[in-house]
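[1] Next comes the sequence, and after it the predicted model I'd like to discuss.
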Amino acid sequence: MEFWKDFSEASDKVALIEDEKQIKYGQLEEMVNQLIKKYDNRKLAFLVCTNTIESVAIYLSLLRAQIPVVLINEHIENELLAQLIDLYKPFYFWDNRSEELNGYHKADSFERYNLRMNQEDIDYPIHEELGVLLTTSGSTGSPKLVRQSYKNIQSNTDSIVTYLNITDSDCALTTLPMHYTYGLSIINTHIAQRATLVLTNATPMQKKFWSLIAEHKVTTFGGVPYTYEMLKRVHFFNKDIDSLRYLTQAGGRLGVDLHKEFAEGCADHNIDFVVMYGQTEATARMSYLPPQKTLEKIGSIGIAIPNGKFWLIDENENVISEPEIAGELIYQGENVTMGYAQSFADLNLGYDNGNVLHTGDVAKYDKEGYFYIVGRKKRFLKIYGNRINLDEVEKILKQKGVDAVACGKDDNLKVCVLQDADKTKAEEVLLNNTNIPRFGMKVYVVNEIPRNSSGKIMYTELENSL
Amino acid sequence: MNNLEQYDEIFMETFGVEKSALNESFINENVDAWDSIGHMNLLAELEEAFDITLDDDDLMNFESYEGGKDILKKYGVNFD
């Protein structure tokens, strides 16, 4: 049975905690059933996500009512939101904002959330399996969405629950936003096991974070590499962390030193430390490094999740059959999503690529079959856990009249312009038209862009010159 | 550059604001860029500039422009 159906068997268990509020599964069941009555037809919904009881309950009601939903970042730029509304024409719009929304009237409400409905009767065909749509990069402001089916979500949830051995006695703290595939997978997997979720925006840099862990005997949370840098800075292993059973890490490469430090520290404290790898295009997770192997295989993304399969192909698309040879990482599993959407017209499409995903990452495997990412086929970076396509960054700048070349490393986007005047303009565009945090980027003025004889930009050379 | 000028400079650079914004109401929850990432960056810059290491409590209590001065004073950074 899908995890969003019927919570009644766990009625007395605590499902959601937010500040002073606690909701048991029995109450959540009632909430979700009340919410379902608000929807008449199977039309697209947008949900502005927050780590709150309402947001989770609405999400579950949309799954249960089979209303396909686009999960929206609560900090989305207004311009991008307007663009998404224009391209996808949602009929339902759930948010917790006070401002009016152009073209929508407030039809209903649920605690702090408003249900707005389109003033026009939107009607277009939607594929029956389409369940959830997520933004691909979250940060460059592309309106491209990943189409996830109900089967994708349930299948990936089942795999994750199995390899992390999540049970109803677990209690997870939300360290990540709900619209982000990794944050969402933590919500899905713990609801699936009728475990408890502590909903908060607190970060390791705040006392509240640590008091929540102690007060609610939190057993787990997840983190992107940046979360682990914060944890290290505030001396994680000196904190009151006795209740923690396992920690997960995803959203980019942790780096060998941090991986080692947390693997060793967690082993000392009897905490399973699980490094994982995934993409929105694979619903959430594709691989995990079993905690008992983590010290032995530092830097590895591990092995494919249960019911998934990895292999590598060379430049001629032939399968690589020997260890230690790099090739593009290919994944196969039921969690490989239906594909992308660029507008509402794509919402009636089926599965574009069967269940095979070309990850765009270059990897190798060792003699025991553990995979290591060694590079990337496509030009993208991870900035604080979000994928940034460098070509897209250049395109956005170009649209605003700035000629620029983007390069850099994870958490350190470098944008090069040729004129002093373009520097300020590029900074403005990046801050106002994308969600890239100001700390993850820097704009440089350069004398020239190095190109090879065929006119192609030599990115490595450019980066070395900065 | 004296300590106050340096302190102000780091705030302006980190959060991309003018000097005029730095007053009693410059508190983390009022400043968009002062999220956890901004916080880490701010503290790293201050620690480097003044050659100090804040303990965890002070790091977590560092929530405003004015309050931050009182915290740094404990580490011998004087603003008078």
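    All right, it came through fine.

[2] Would you mind naming what in chain B lies close to chain A?
    Residues of chain B found near chain A (Cβ under 8 Å from any Cβ of the partner chain) are B:14, B:16, B:33, B:35-41, B:56, B:59-61. Placement of C-beta: from N, CA and C, glycine included.

[3] one more time with 10 Å
    Counting by Cβ under 10 Å from any Cβ of the partner chain, chain B comes close to chain A at B:14-16, B:28, B:32-33, B:35-44, B:54-57, B:59-63.

[4] Emit the PyMOL select command for whichever of those residues are buried.
    Selection command for PyMOL covering only the buried members of those, criterion 16 or more other Cβ atoms under 10 Å in any protein chain shown:
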select buried, chain B and resi 14+15+28+33+35+36+37+38+39+40+41+42+43+54+56+59+60+61+62
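
[5] and the residues of chain B next to chain A, which of them are in helices?
    Mapping the residues of chain B next to chain A onto helices (DSSP state H) picks out B:14-15, B:36-44, B:56-57, B:59-61.

[6] now, among those residues, which is nearest to chain A?
    Nearest to chain A among those: residue B:36, at 3.8 Å, using Cβ to the nearest Cβ.

[7] and the gap between that closest one and residue A:250?
    Using Cβ to Cβ, to the nearest Å, residue B:36 is found at 18 Å from residue A:250.

[8] Secondary structure element holding residue A:273?
    strand A:272-278 (DSSP states H and E).

[9] That strand pairs with which strands, and in what direction?
    strand A:246-249 (parallel), strand A:285-288 (antiparallel) (DSSP bridges).

[10] Could you export those strands as a markdown table, including mean neighbour count, distance to residue A:180 and mean pLDDT?
    Below are these laid out as a markdown table (neighbours: other Cβ atoms under 10 Å in any protein chain shown; distance: least, Cβ to Cβ, whole Å; pLDDT from 0 to 100):
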| stretch | mean neighbour count | distance to residue A:180 | mean pLDDT |
| --- | --- | --- | --- |
| strand A:246-249 | 24 | 14 | 98 |
| strand A:285-288 | 28 | 13 | 98 |
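
[11] can you redo those as JSON lines with distance to residue A:165?
    Shown next, in JSON lines, are those (distance: least, Cβ to Cβ, whole Å):
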{"stretch": "strand A:246-249", "distance to residue A:165": "8"}
{"stretch": "strand A:285-288", "distance to residue A:165": "11"}
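
[12] Which residue, other than its chain neighbours, is closest to residue A:191?
    residue A:3 (5.8 Å; Cβ to Cβ, 6 or more residues apart in numbering or on different chains).

[13] isn't the one you found right next to residue A:155, touching?
    No - counting by Cβ atoms under 10 Å, residue A:155 is not a contact partner of residue A:3; they are 11.2 Å apart.

[14] Would you enumerate the residues in contact with the residue nearest to residue A:191?
    By Cβ atoms under 10 Å, 6 or more residues apart in numbering or on different chains, the residues touching residue A:3 are A:60, A:63, A:153-154, A:157-158, A:161, A:188-194.

[15] Model confidence for it, exactly?
    For residue A:3, the pLDDT comes out at 98.

[16] Please spell out which residues along stretch A:398-405 are buried.
    Those would be A:402, A:404-405, for stretch A:398-405 by 16+ other Cβ under 10 Å.

[17] if we look at chain B, which of those residues are close to it?
    Among these, no residue is within reach of chain B (Cβ under 10 Å from any Cβ).
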